[in-house]
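Colleague: task: produce atomic coordinates for the following.
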Amino acid sequence: MPGGRLTQQERQQIALGLADGLAYAEIARRLDRPTSTITREVMRNDGPTAYRADLAHRATERRAHRRKQAAPRGPGAPVQRHGRDDAAVREYEEAFTTLLMRQGLPKMTARVLTCLFIADAGSLTASELVQHLQVSPASVSKAVAFLEDQGLICRERDERRRERYFVDGDVWYRSTIASARGIAQVAETARQGVGVLGRDSPAAARLENIARFSDFISETMLRAAEQAREVLHTKPETASGVVTPRQ
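Modeller: Residues are numbered from 1 along each chain as shown. Predicted coordinates:
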């Protein structure tokens, strides 16, 4: 299986495969590449409907150039905190961003949220996000506004009166609650259709099944979220359930 970066020819084959409606796995098989490589390539370059081989290739070259400029050189280069490897961190950041994009977040929004997740400081200012992502302040502002509207991030002012953005401990709880309420709305709307279409009709029976299924999923998610909320505020050693034996 070949390694290294995708070539321009491979990107052209990806574009042709997407145009033909091929699945990522099939494109990967034809190129003898991991499916995850194809998925990541497409999702970080505007998705399957807008992917263009030439633009994707240029974007990759720009990212590589920025990384080369940012890479520490010489014996006096600073040691990364916690023994981290820069390349591994960047790869992880891209993988996490791709995952969030597959969950439905726009690309820039996913990039900002990932930055906040992995920031040791626990929060970042708009200027810090701009510097890290190498994008315009307007792009960050738009992404931050979206994330705040969805309840995924919060803001506070530091001692220098700068606004800092952070992900608090309840973000997954709130996100799950919001998803459960959205599914409950599906159930409510489906039941309205039962009355409109006639209770004895095949369409009404189908909608009733959708409503019952959605009700069950919503109620289960709400109960699970309440029961699991304490996990978000428990130290990993306790949450793992592993008891360290005494020496």
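
Colleague: could you use CA atoms for every contact and neighbour count after this?
Modeller: Fine.

Colleague: just the strands from the protein, written as ranges.
Modeller: Listed in chain order, the strands found in the chain under DSSP state E are 123-125, 154-157, 163-166.

Colleague: distance to Val140 for those - can I get that in CSV?
Modeller: CSV is the format used below for the strands of the chain (distance: least, CA to CA, whole Å):
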stretch, distance to Val140
strand 123-125, 10
strand 154-157, 14
strand 163-166, 11
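
Colleague: closest to Val186 out of those?
Modeller: Nearest of these to Val186, taken as CA to CA: strand 154-157 at 28.0 Å.

Colleague: buried set for that closest one?
Modeller: Within strand 154-157, the residues scored as buried using 16 or more other CA atoms under 10 Å are 154-155.

Colleague: so which elements touch it?
Modeller: strand 163-166 (3 or more CA pairs under 8 Å, 6 or more residues apart in numbering; DSSP states H and E).

Colleague: parallel or antiparallel, list what pairs with the strand it packs on.
Modeller: Applying DSSP bridges, strand 163-166 is found paired with strand 123-125 (antiparallel), strand 154-157 (antiparallel).

Colleague: could you list the low-pLDDT ranges of this structure?
Modeller: The chain contains residues with pLDDT under 70 at 1-3, 63-82, 233, 235-247.

Colleague: quick one, helices of it?
Modeller: In the chain, the helices defined using DSSP state H lie at 8-19, 24-31, 35-43, 53-70, 86-102, 107-118, 126-133, 137-149, 171-197, 202-228, 236-239.

Colleague: and Ile177, how far from Thr109?
Modeller: 20 Å (CA to CA, to the nearest Å).

Colleague: can you tell me the closest non-neighbouring residue to the spatially most central residue of the chain?
Modeller: Closest to where the C-alpha atoms of the chain average out (CA atoms, centre = their mean) is Leu100, at 1.4 Å. Spatial nearest neighbour of Leu100, excluding adjacent residues (CA to CA, 6 or more residues apart in numbering): Ala110 at 5.6 Å.
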